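>>> sequence first, then the predicted structure:
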Amino acid sequence: MTTDDRDSRSGPPRTNRPVVPPIVQSATFEAASIAELRRQVGGNTFYARHGNPTVAHAERLIAQLEGASHAVAFGSGMAAVSTTLLTLLQAGDHVVAQREVYGATFDLVVHWLPRLGVQVTLVDATSPEQFADATQAHTKVIYLESPTNPTLRIVDLRRVVGAARRHGVVTVMDNTFASPINQRPHELGVDVVVHSATKYLSGHSDILAGAVTASEAIAARIREARVCWGGALDPHAAWLLIRGLHTLSLRVARQNASALRIAEFLSGDRRVERVHYPFHPSHPQYALARSQMSGGGGVLSFELRGDADRTRRFVEGLRRFALAPSLGGVESLVTVPAYSSHAAMSAAERERAAVSDQLVRMAVGVEPVEDLVADIRQALDAATG
């Protein structure tokens, strides 16, 4: 899969064309006449909340990567998620969502959608039967995330999508953790794929962005909602996103290999209670992960033996991992989800989602992996005395 869409660009002959696409850093576009202005309305050369040439370029690349016909870009991942769900749902509808999702998505589904009259049923991500059993006559959406954040559980996409199609339900899936390099949900039948493009798609921790890929009909509805609700992506951020997309496959391949190496190291250390990584044989859904993913991704999580204070000493003792939220960038990051991505959840909700105070999430960058392993070893030594 390539992110090079030069053949699809309109414009002059290739001679002396810029290799790097230019930024069209304009919020509005001039028309020569009223007739031309009318033709431009809603397009990429009318007003930037509707569209922009640089943003459109990024959208074409993301659609190609996910194997979709259309993509819609947003100013953040949560703008993509919320706009998609609010487009597909209305008062009186029902959504089935897995319990194990990103913390802000959990907040949207559990606390905000019911305020708008949408009924919600939460199910176990690893149980296809629960998804099917929870589906009702007024179910409009099944919301998925695989691998899950932060426990790296895997959804059996073929079985869940099969049940959804039998009931005429739209499936929406967050593919941020895997990236389209490791997993292509549309090929498994998923209708709508969402990304926090801040993460792997961009890859440099310097922009906020989101993306949705879908059929032409669904994408048109989501784009119309984006125009109304204002979650458009800035052209300069889109240009940086394009830069990141061209190195996506190289970065993810390195991160896949490094994360697996770290998972192997941690699995052999007696100070570690449990390791969560889809492509490590100890993962309870290892076979399922290998059947629907081509790589395990650059994120792993694990639980240390001991208490929360030992966990604190460990993460604060790391030197090559920055203590920071997010993932998918070229630098390695570490966080404790109970105090970051899932802090807004109650203690009971975190317990049901298996997010303990001892759970550490590592987002592996592209540094030499043996340097990262050595850093983890010294931090473990310091934390455990």
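Nice, thanks for sending it over.

>>> what is the distance between the helix or strand of the chain with the lowest mean pLDDT and the centre of its chain?
Of all the helices and strands that make up the chain, helix 347-352 has the lowest average by mean pLDDT, DSSP states H and E, namely a mean of 73. Per Cα atoms, centre = their mean, to the nearest Å, the displacement of helix 347-352 from the mean C-alpha position of its chain is 22 Å.

>>> quick check: mean pLDDT across whichever helix or strand comes after it?
Scanning forward in sequence from helix 347-352 by DSSP states H and E, the next helix or strand is strand 359-363. Across strand 359-363, the average pLDDT comes to 94.

>>> same question for stretch 127-135.
For stretch 127-135, the mean per-residue pLDDT is 97.

>>> mind exporting it as CSV, just the C-alpha atoms?
Extracted in CSV, the C-alpha atoms of stretch 127-135 (Å, rounded to 0.1, in the frame of the first residue of the first chain):
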residue,chain,number,x,y,z
SER,A,127,-17.5,-11.6,23.7
PRO,A,128,-19.1,-11.6,20.2
GLU,A,129,-22.1,-13.2,21.8
GLN,A,130,-22.7,-10.2,24.0
PHE,A,131,-22.7,-7.9,21.0
ALA,A,132,-25.3,-10.0,19.3
ASP,A,133,-27.5,-10.5,22.3
ALA,A,134,-27.5,-6.8,23.1
THR,A,135,-28.6,-5.8,19.6
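
>>> may I see the buried residues of it?
Ser127, Pro128, Gln130, Phe131, Ala132, Ala134, Thr135 (16 or more other Cβ atoms under 10 Å). Quick note: C-beta positions are derived from backbone N, CA and C, even for glycine.

>>> quick check: the gap between the spatially closest residue to Ile218 that is not a sequence neighbour and Lys140.
Excluding the flanking residues, the one nearest Ile218 by Cβ to Cβ, 6 or more residues apart in numbering is Val192, at 6.0 Å. Applying Cβ to Cβ, to the nearest Å, the value for Val192 to Lys140 is 12 Å.

>>> for Pro281, same thing?
Distance from Pro281 to Lys140, counting by Cβ to Cβ: 38 Å.

>>> which of the two has more residues huddled nearby?
Lys140 (18 against 11; other Cβ atoms under 10 Å).

>>> overlap in contacts of Val192 and Lys140?
Overlap of the contact sets of Val192 and Lys140 (by Cβ atoms under 8 Å, 6 or more residues apart in numbering) consists of Leu88, Val170.

>>> any chance of the buried residues of stretch 127-135 in JSON lines, plus secondary structure?
Output for these, formatted as JSON lines (DSSP: H, G, I helix; E, B strand; the rest coil):
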{"residue": "Ser127", "secondary structure": "coil"}
{"residue": "Pro128", "secondary structure": "helix"}
{"residue": "Gln130", "secondary structure": "helix"}
{"residue": "Phe131", "secondary structure": "helix"}
{"residue": "Ala132", "secondary structure": "helix"}
{"residue": "Ala134", "secondary structure": "helix"}
{"residue": "Thr135", "secondary structure": "coil"}
